[in-house]
Every structure is written in C-alpha cells, then in structure tokens.
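Visitor: What follows is a predicted protein model with its sequence.
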Amino acid sequence: MSTITSRMKYNPRNLSADIPAGITTALVTIPDGLASAILAGVNPVHGLYALMFGTPIAALTLSSQFMYVANTGALAVAVGDALGEYQGTVQLTVALVTLTVMVGLFQLLLGVLKLGWITRYVSNAVLVGFMTGIAALIILGQIPNLTGFESQFSNKLMASIDTFLHPRSWDWPTVLVSVVTFALIYLLGRTRLAKFNMIFALLGATVLVGLLNMNSVDLIADIAEIPEGFPLPKLPQPNLILSLIAPALAIGLVGLIQGAGVSKSVPNADGNYPDVSRDFIGQGLANTASGIFQGLPIGGTMSETAVNISSGAKTRLANLFSGLLIILLVLLVGDLIELVAMPAVSVLLVVAGYGSIKFPEIEDVRDTGAGPRYVMVFTFLATLFLQIQYAVLMGVILSILIYLYRSSTDIRLVELIPEEDGAILEREAPTNLRDNDVTILRIYGSLHFSGAAMLEETLPPAQDSNRAVVILQLRGLDNIGSTFIRVVERYAQLLLANGGKLYLTGVHPHVFKQLELTETTDTILEEDIYLEEEMLGSSTRKAIYSAQTWLADSEPEVER
C-alpha cells in the first residue's frame, strides 16, 4: 500500500521531463513491438497489445523506477518456439493468452514468495551463452524476409546456409528494401534523429515499396490483419495449460533474469537499487494483464530503459506516459500498420539481435578460464539447437552444478599465528600437526555438505599426531549442516585418541545450539567451545590460553 501511495505523490514539475521521455520511448518501442510479434509467429498487433496494457501496469508496480518493461527478442523467440504446434490453427490466439497469463502468474508467485534471490544461481557464463544464442536465432530467423527466399530446411542455421547458396532465387526488390533500411538506420544513427532512426527507417522503406510499386515485397497485410480498437479480454484455456506449462516456466524465468540484470544496473532516483522480488511482482502483474488482453509476454529491456533515462525521465510515470501514447497511436493509426514492409521489420530485428550480443562480456567469460568458457559455449549451442525451454532448463541445471562444484572445491584452510605485538599472521595450513603444540586454523569457503566433505580432506591428519591441540575458528558461520557436524566430531575423536584436543572459537549462538541438539558437545566439551564476541579474536585468544594451560598441566596420554 505504501508503494502505491508513494507513486501518487507526484511533483507536476516533472511533467516537462517525463512526458517527452515517454513520447521518445514509445516511438522507439513501437517498431520493436511489431517485430517481436512477427518473431514470435503471431499477429503483429499482439506485440502492441502487450505495450498498451503491460507497460503501464509495470510502470506503476515495479520497484525499479526507470526499468522499461516491453517486448524482448529472447522472450519472442521463446514464445515462437512454444507456440509452434499452434501455428496456422484457430487456437493460436487463445494459446498465446494462456501462455502469457501463465508466465505472469508464475512470476507473480515468485515475487510474493520473495524469491528474487534465485537469479543469483544462474551463472554469468550461462546467461551470456544463452543470450548470445538467442541473438543468433533472431538474426538467422530473418534471412527469409531479407532475401525473399524460403528454404526447405527447418533448422535456421541450415536454412541460412541454403539461402546463401541460392542467390539466383532471391527476390531482388526485397533485397533492395532490406539494404535501404539498413542504410537508413546507419545514416540516421549519426544524426540528431538517432533516437528515432528505427521508426524513420521503417517508414522510409515502407514508402519506397509504395512509390516503386514493389508487388513482390511482403507487407504486414500479407501475413496478418490488424484489428481496430481495443482488444477484447480473453481467459486462458484450461485444456492447454498442461502442454504449455514447461515453456511458460522457462519464459517466465528468462524474463525475470533479464529484468534483474536491468534493474541491478539502473538505481532508483534516491540512489538505492530496486528490490528484485518486487520487480518480480510488477512483471507478473504486467504479463497477467498483457495475456488477458491478448499481448505477448514482456520483460525488462536494457535498450528502451537506456532511451528512457537518456531522454530525461525523472520518475516512473515516464513509462506510464509511454504506454498511454502507444494506446493512442494504435487507436488512431492502427490500420496503417498493415502497410509496413516485412523486410524492414526483419532488418530491425537483425539490428536488435546484433546489438544484444555483448562482445565485451563474451571476452570476459572467455578470459576467466576454461570452465566458464566451456559452459558458455555449451549453453550457446544448446540454445541454438534445442527448444528454448530445454535450453533454459539445461542452463539452470548447469548453473546449479557449477555452484555445487565450486562450493565443494573452493575450500581454503589457513593457519593463524599470533605475534607478540598483537598482529596475526596468516599462512597456508600445515600438512602435519605439531606435537605438544597449538595450531590455529581458519576456514574460507562454503561449509555445506560438499564443502564440508572437502574440508575433511584438507584438515591436517590427526592420527599421526601426539598431544596436538587444534583451534578451529568458525567466526562468520551462522548455520552449519549435519555433514560439517560429523566432520568436526570425527576430527575431535581422532585428536582425543592421540592425546590431543579440539577447540571451536567464534561460534555463533545458533551454531552452538545446533552443536547442543546434535549432542556434539558430548565429544567437544562445552568448555572448549567459545562463542563469538564483539572484539575480533577475543574468543580465540581465550582458547589459546586454555589450550596452553591444558598442555602444561596434563600428562601425555599416548606414548609414541
């Protein structure tokens, strides 16, 4: 409720900045809406419906004040993949409605459950590979519209190769329109009209087709009829839910990951970064509304967000004004959309697809190491050759496996050596424990089950020691698993068997409770467990004094 109230407190002085920003972003976004719907294999108007209803709702409900929620190439490709079996059937529109509403409800559920943290578990290597694969699919998928040649191959890569092997079969007026559109985008992009180069290129190419009477060039009217007025609301079809649930989950996750990437790079006006879970809710509500009014799934897009900010947007209402302007334009000039040349739309998609390839990020992943490099290439190929939902699923599973592997191997054990002046030296842990002496060890890394098992292999062997005392510093751990508990119990028992002892220091109260409940205190006495204190190193110093006193006062229990 406080969020809605805060949005109602609007300073009218911001209108002079927000309205122009909204107009600019709307004019930039409309071509993307048309192109995305064509990419998804549905009537172009469905891309505009998403902007008419989803974008304004997102503007009012997101935590992010400036993130622009609109059509994206990745979501469009995924939708086209999901609706493939419905193409050419009377169920296509209702299948789109069902899919988009399911995407919205899934995102809304994750937001309500405050699961924004799940985006952390998709590694950057997986995300870069996936988005690069999507960009390649977008570009390859436009080759037929750019050349007027329809290959018999279903695979986009093979179809592209086949197209370039048959230049004599190309429709040259179509090629001319494609070249002119590319040229207009390039030339206008170097003028003051750079922000509008897409829409002017679209209009210029369309006018060229009409003036030269290029009958062989496809128009939007040749593939779809644009209805007039507002779309009527439609409800999801229950009998389609089962067949669409897997792609809906995949599309929903892709949209959320994309949106999280945008919101994390664009702080709000107060300098704070948005709440990812609340952004989930906003995108979920936007997609639910978009679906009911026959729109495509939409998500956070970096390009339109950048345009919005660079155009001077001061508040979230710039995005609201953008959506309202799109509604006005569709109602007033919707019938003119049918005259737009298809090759020009395809050029927009190629330019957008190429622009979404982040070459510096690819180079960063490549230079990080062989592991991330292989993961990126694997995800790229999976996206290129598999259905999107399976590519996403494999990417998520791969991310989890990478996380588990790194958690289990990224364990580092060091020895702490107190100096007389109070300083503490840190060096690699010894391979063997010193007899009749105290060794202080600190652990770096995750100590969940796989990491705890790795720790057991890393600890200096206790079975070869004599009256060795080990102080294990646990500061920073507020929760431990049963695997770690078993590891410290076994290590303590080995030390005891050889006349030694194990101390635990910097222990969080919750961890101490876990040790009590699991009866670990039967092996490691409570007096040898020191709770964490405000002063760093205080509990460890107490343990050192206790250990040295114990060594001095006790008789050896194991003769070597």
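Guide: Thanks, I have the structure now.
Visitor: For the host helix or strand of Glu363, what is the distance to the chain centroid?
Guide: Using DSSP states H and E, Glu363 falls within helix 359-368. Its chain's average C-alpha position is 17 Å from that of helix 359-368, according to C-alpha atoms, centre = their mean, to the nearest Å.
Visitor: pLDDT score for the most centrally placed residue in the chain?
Guide: Residue closest to the average C-alpha location in the chain (C-alpha atoms, centre = their mean): Ile257, at 2.4 Å. Per-residue pLDDT puts Ile257 at 84.
Visitor: Contacts only, for it.
Guide: By C-beta atoms under 8 Å, 6 or more residues apart in numbering, the residues touching Ile257 are Thr119, Val122, Leu127. Bear in mind the C-beta positions are built from the backbone N, C-alpha and C, glycine included.
Visitor: And the second one, its phi and psi?
Guide: The main-chain torsion angles of Val122 are listed as degrees, to the nearest 10 and equal phi -100, psi 110.
Visitor: and what of the first one?
Guide: Its backbone dihedrals place Thr119 at phi -70, psi -20, with angles given as degrees, to the nearest 10.
Visitor: Check the spacing between the residue nearest to it when sequence neighbours are not counted and Gly116 real quick.
Guide: Excluding the flanking residues, the one nearest Thr119 by C-beta to C-beta, 6 or more residues apart in numbering is Ala260, at 4.3 Å. Separation of Ala260 from Gly116 (C-beta to C-beta, to the nearest Å) stands at 7 Å.
Visitor: Looking at those two, which is more packed in?
Guide: Ranked by neighbour count (other C-beta atoms under 10 Å), Ala260 and Gly116 place Ala260 first, with 26 against 21.
Visitor: was I right about that one contacting Arg278?
Guide: No. Ala260 is beyond contact range of Arg278, at 11.5 Å (criterion: C-beta atoms under 8 Å).
Visitor: which residues do these two both contact?
Guide: Counting by C-beta under 8 Å, 6+ apart, the residues touching both Ala260 and Arg278 are Gly116.
Visitor: list the contacts for the closest residue in space to Leu325 that isn't next to it in sequence?
Guide: Leaving aside its sequence neighbours, Leu325 sits nearest to Ala26 (C-beta to C-beta, 6+ apart; 4.2 Å). Ala26 sits next to Phe321, Ser322, Gly323, Leu325, Ile326, Leu329 when contact means C-beta under 8 Å, 6+ apart.
Visitor: And Gly104, by the same measure?
Guide: Residues in contact with Gly104 (C-beta under 8 Å, 6+ apart) are Gly252, Gln283, Gly284, Leu285, Ala286, Asn287, Thr288, Ala289, Ser290, Gly291, Pro297.
Visitor: how about the residues you listed in JSON lines, adding pLDDT, secondary structure and distance to Asp171?
Guide: Output for the contacts of Gly104, formatted as JSON lines (pLDDT from 0 to 100; DSSP: H, G, I helix; E, B strand; the rest coil; distance: C-beta to C-beta, whole Å):
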{"residue": "Gly252", "pLDDT": "92", "secondary structure": "helix", "distance to Asp171": "39"}
{"residue": "Gln283", "pLDDT": "95", "secondary structure": "helix", "distance to Asp171": "40"}
{"residue": "Gly284", "pLDDT": "96", "secondary structure": "helix", "distance to Asp171": "43"}
{"residue": "Leu285", "pLDDT": "97", "secondary structure": "helix", "distance to Asp171": "44"}
{"residue": "Ala286", "pLDDT": "96", "secondary structure": "helix", "distance to Asp171": "39"}
{"residue": "Asn287", "pLDDT": "97", "secondary structure": "helix", "distance to Asp171": "37"}
{"residue": "Thr288", "pLDDT": "97", "secondary structure": "helix", "distance to Asp171": "41"}
{"residue": "Ala289", "pLDDT": "96", "secondary structure": "helix", "distance to Asp171": "40"}
{"residue": "Ser290", "pLDDT": "96", "secondary structure": "helix", "distance to Asp171": "35"}
{"residue": "Gly291", "pLDDT": "96", "secondary structure": "helix", "distance to Asp171": "36"}
{"residue": "Pro297", "pLDDT": "96", "secondary structure": "coil", "distance to Asp171": "33"}
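Visitor: all strands for the stretch 401-550 of the chain, in order.
Guide: Listed in chain order, the strands found in the stretch 401-550 of the chain under DSSP state E, counting those that start in this stretch are 412-418, 424-428, 438-444, 469-473, 501-507, 529-531.
Visitor: Compare those strands and give me the one nearest Leu51.
Guide: For these, proximity to Leu51 was assessed by C-beta to C-beta; strand 438-444 is nearest, at 48.6 Å.
Visitor: Contacts for the closest one, please.
Guide: Counting by C-beta under 8 Å, 6+ apart, 411-418, 426, 429-430, 433, 455, 459-460, 468-474, 540, 544, 547-548, 551 sit against strand 438-444.
Visitor: and those, which are buried?
Guide: Neighbour counting by 16 or more other C-beta atoms under 10 Å classes 411, 413-414, 416, 429, 433, 455, 459-460, 468-474, 540, 544, 547, 551 among the contacts of strand 438-444 as buried.
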